[in-house]
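Q: whatever this is, show me its structure:
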Amino acid sequence: MSPSNDSTPAFEGWVAKDQSAADGNMQWDKFEPKPFEETDIEMAISHCGVCGSDIHTLRSGWGPTNYPLVVGHEIIGRVTRVGSAVKDLKAGDRVGVGAQSQSCLDCKDCKHDQEPHCSKMVQTYNQPYATGGKSQGGYAKSWRGPASFAIPIPDGLSSEMAAPLLCGGVTVYNPLVTYGAGPGKRVGVVGLGGLGHFAVLFAKALKCDKVVAISRSASKKDDALKMGADEYIATADNPDWATKNASSFDILISTVSGSFPIGDYLNLLDTNGTFVQVGAPEDPLPSFPAFALIFKSLKIAGSLIGGRKIIKEMLDLAAKEKLEAWLEVRPMKDANEVVQDMVNGKARYRYVLQN
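A: Model prediction:
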């Protein structure tokens with residue numbers, strides 16, 4: 001549907017003008033949202049999670065960023081404007097938008113609830129829409145975009161809890177469910193940052209038999225156990241960790257974004273086990289011997305966020321299980337400081353900006 005004539009004033013938010021934005025130099029400014037279409041909504045943003053993807057994008061770590069740009073793709077708010085072609089939402093509804101804001105809705109992937117793999121997928125920031133304009137994120141007062149990717153938030157889930165689930169949560173929930181996490185399964189979580197802490201929480205919510213957090217040092221052991229992890233492996237404290245814990249897991253979820261000895265981690269998997277990489281390093285993954293896979297019939301997989309169906313399922317589970325993410329709510333006005341705290345590894349374990 002073509003854009004309508006739109007005299008809406010420019011939106012306001014934290015605008016990244018260049019790579020220095022990642023150093024705390026975003027500027028509060030007006031910006032142009034996409035042209036309004038009758039399939040769109042607008043929302044008044046109440047909360048937006050701070051995701052590692054925001055940092056990578058601010059500094060052009062995953063490739064050139066199309067500045068000027070507003071990041072943020074864990075957005076919660078109330079609908080304030082509804083296009084005439086939107087049937088399932090109304091003004092006042094509480095909705096969330098994650099890392100994807102559009103797909104064609106008609107291809108094979110879309111019809112099989114795999115919208116993130118649609119060739120016409122548009123990310124919630126830093127991508128052009130086919131009908132004009134650029135996607136802009138949630139470090140702002142308002143958001144405008146396709147209604148089809150605005151997900152209703154269950155009543156039993158607070159906005160600050162729901163926000164970081166929309167990217168961070170579903171990034172680990174999707175592969176856990178896809179590869180069979182549940183009763184009878186043993187899950188290892190590599191890295192205990194924002195993603196890793198969600199992986200521990202959801203593996204426990206899915207009733208896995210054993211959930212083990214794996215990190216370099218023992219500094220987060222107490223946190224991991226409080227989150228529900230059954231055990232904790234500090235790899236730097238035990239040179240024999242890979243041998244001692246060989247064949248201990250059915251599923252490994254790797255959330256790390258730096259270099260790591262992937263061959264040692266593959267050794268932790270039992271026969272027919274699956275290693276899933278969800279962390280996205282800016283550099284290539286290290287190599288490993290082919291026989292690390294062959295001898296135990298292992299699988300290596302990747303996973304990209306999740307489609308609308310899996311997001312709704314995750315939110316419902318979080319509400320039912322009263323999932324308590326470890327997060328800190330910070331004022332939207334402090335976004336530059338929060339980004340710097342995120343860069344410096346101070347998050348325990350997720351930041352959420354609040355208007």
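Q: got the phi/psi numbers for the spatially closest residue to E313 that is not a sequence neighbour?
A: Ranked by Cβ to Cβ, 6 or more residues apart in numbering and with sequence neighbours excluded, the top spatial neighbour of E313 is V177, at 7.7 Å. Just so you know, the C-beta spots here come from the backbone N, C-alpha and C atoms, and that holds for glycine as well. Backbone geometry at V177, expressed as degrees, to the nearest 10, gives phi -70, psi -40.
Q: so what's V177 up against?
A: Going by Cβ atoms under 8 Å, 6 or more residues apart in numbering, V177 touches L206, I310, E313.
Q: three-state assignment of the last one?
A: What it means is E313. Assigned with DSSP: H, G, I helix; E, B strand; the rest coil, E313 falls in the helix class.
Q: wait, D264 sits on A242?
A: Yes - taking Cβ atoms under 8 Å as the definition, D264 is a contact partner of A242 at 3.9 Å.
Q: just checking, what packs against the longest strand anywhere in the chain?
A: In the chain, assigned by DSSP state E, the strand with the most residues is strand 40-50. Where contact means 3 or more Cβ pairs under 8 Å, 6 or more residues apart in numbering; DSSP states H and E, strand 40-50 is packed against strand 75-82, strand 94-97, strand 142-146, helix 159-162, helix 335-343, strand 351-354.
Q: can you lay out these as TSV showing distance to G184 and mean pLDDT?
A: Conversion of these to TSV gives the following (distance: least, Cβ to Cβ, whole Å; pLDDT from 0 to 100):
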stretch	distance to G184	mean pLDDT
strand 75-82	35	99
strand 94-97	32	99
strand 142-146	39	99
helix 159-162	28	99
helix 335-343	36	98
strand 351-354	34	99
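Q: the domain parsing of this protein - what is it?
A: Using the TED database, the domain ranges for the chain come out as 11-167+306-316+325-354, 169-302.
Q: measure the residue nearest to E313 to Y232 for me?
A: For V177, the distance to Y232 (Cβ to Cβ, to the nearest Å) stands at 24 Å.
Q: now K309
A: As defined by Cβ to Cβ, K309 lies at a distance of 33 Å from Y232.
Q: just P331 next, same as before
A: From P331 across to Y232, the span is 34 Å (Cβ to Cβ).
Q: these two: which is more packed in?
A: Neighbour totals were compared for P331 and Y232, and Y232 leads with 17 against 11 (other Cβ atoms under 10 Å).
Q: pLDDT score assigned to that one?
A: Per-residue pLDDT puts Y232 at 99.
Q: for D283, same thing?
A: For D283, the model assigns a pLDDT of 87.
Q: tell me, how many residues neighbour it?
A: By the criterion of other Cβ under 10 Å, D283 has 9 neighbours.
Q: that one reaches F260, doesn't it?
A: No - counting by Cβ under 8 Å, D283 does not reach F260; the two are 11.4 Å apart.
Q: how about the helices in this structure?
A: 52-58, 108-111, 159-162, 168-178, 194-205, 221-227, 241-244, 262-266, 291-294, 308-320, 335-343 (DSSP state H).
Q: E42 is nearest to which of these?
A: When the helices of the chain are compared by Cβ to Cβ, helix 159-162 sits nearest E42, at 17.1 Å.
Q: before we move on, the earlier item: for the longest strand of the chain, buried residues please.
A: In terms of neighbour count (16 or more other Cβ atoms under 10 Å), strand 40-50 has its buried residues at D40, I41, E42, M43, I45, S46, H47, C48, G49, V50.
Q: tabulate those (a markdown table), appending pLDDT.
A: Listed next are those as a markdown table, based on pLDDT from 0 to 100:
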| residue | pLDDT |
| --- | --- |
| D40 | 99 |
| I41 | 99 |
| E42 | 98 |
| M43 | 98 |
| I45 | 99 |
| S46 | 99 |
| H47 | 99 |
| C48 | 99 |
| G49 | 99 |
| V50 | 99 |
